[in-house]
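Participant: Below are the sequence and a predicted model for it; my questions follow.
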Amino acid sequence: MEFSERELLDALAGLLAVLGCFTMLLLQRYGTSYGRYSSSSWCWQVPARLAWVLQELPSLALPLLECALADHHLRRAPNALLLAMFIIHYAHRTLIFPFLIRGGKPTPLPTFVLAVLFCIFNGYLQGRFLSRYADYPADWLTDPRFVTGFVLWLAGMVMNIHSDYILRNLRKPGETGYKIPRGGLFEYVTAANYFGEIVEWFGYAMATWSVQGASFSLFTFCVLSSRAQQHHRASQNAAVPAKKRPSKSNSLPATMELQRSKHRVTSEEPRLPATLHNHNSAPPQSCDLRAPPQIQPSPLEL
């Protein structure tokens, strides 16, 4: 039994949702290795600006190619506007955002390759569906689902761009080191840029009202929420003063620390004479050096 392309697109959307959940499990355990967490130990790395342009380009080029080859579907206002929402985001990510980066860290080659593969996969999925197979009623642009989704998409994109602006201007020229961002949505959430993008693609999924848009939104949430948690932990560690952080030499397990404290207390206790360790002996009496002790005669002497 052969699959039609429409059935293939539905199957790819389901695969994207599964990959999103699997990726979230991996990121929760191992974290991400690009951006601020990039390490110089990687042998092959791609410069930050070049990596952003090349990895985001398929999500821009493939939908534009579909626009050139599309049939009557893109002559309908809902299809054209929904695909334009997708293209606008990736036009900004490909042609504007990379050239605003200030000294970004190189991207490890494996991470770069995975990002390229995802953008090819998702660029084909979204572009092909909206340009060939998505059918909407004539009044879809006034439907509450589209209106709500479009407002969320627009608000999320504005939040994302504004948060990126705050991050770019976080340090003055010549400053280095990590700084906690302030202002805008950063007063309420740690990773405001990721929050904005999650809201943006949730609105896109609602506006498209499709399994293709929903799977993309889910994948975005799985990846960006995991990275946001990683940012939050890093921000908490950066907010703790260095004097209050436990050093590695003193970071003993609780049982070892308890044993060491007991040993310290025991070693400081004064040692009593051996005769006083008899549990049956009477407690020692106080001595008066001014008078000799009174010796009581025993019954035999009486």
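Facilitator: Cool, got the structure.
Participant: got the residue ranges for the helices in the stretch 101-250 of the chain?
Facilitator: For the stretch 101-250 of the chain, the helices defined by DSSP state H, counting those that start in this stretch occupy 109-128, 144-168, 192-208, 211-239.
Participant: I'd like to know which of those helices has the weakest mean confidence.
Facilitator: Note on those: lowest mean pLDDT is at helix 211-239, with a mean of 83.
Participant: how about it: buried residues?
Facilitator: Buried residues in helix 211-239, defined by neighbour count with 16 or more other CB atoms under 10 Å: 211-231, 234. C-betas here are computed from N, CA, C, even on glycine.
Participant: what does stretch 61-70 give?
Facilitator: Ala61, Leu62, Pro63, Glu66, Cys67, Ala70.
Participant: Val189: neighbour count?
Facilitator: Val189: 17 surrounding residues under other CB atoms under 10 Å.
Participant: quick one: Ile161 from Pro58, how far?
Facilitator: According to CB to CB, to the nearest Å, Ile161 stands 22 Å off from Pro58.
Participant: So between these two, which is more surrounded?
Facilitator: Pro58 (22 against 17).
Participant: looking at the helices of the stretch 101-250 of the chain, which is closest to Tyr30?
Facilitator: For Tyr30, the closest of the helices of the stretch 101-250 of the chain is helix 211-239, at 10.0 Å, according to CB to CB.
Participant: and the closest one, what does it pack onto?
Facilitator: Here helix 211-239 touches helix 5-30, helix 109-128, helix 192-208, going by 3 or more CB pairs under 8 Å, 6 or more residues apart in numbering; DSSP states H and E.
Participant: Among the buried residues of stretch 61-70, which one sits closest to Val53?
Facilitator: Closest to Val53, out of all of the buried residues of stretch 61-70 and judged by CB to CB, is Ala61, at 11.4 Å.
Participant: Apart from its neighbours in sequence, what residue is nearest that closest one?
Facilitator: Gly123 (7.2 Å; CB to CB, 6 or more residues apart in numbering).
Participant: How about Phe86?
Facilitator: In space, Phe86 is closest to Gln126, 5.3 Å off (CB to CB, 6+ apart).
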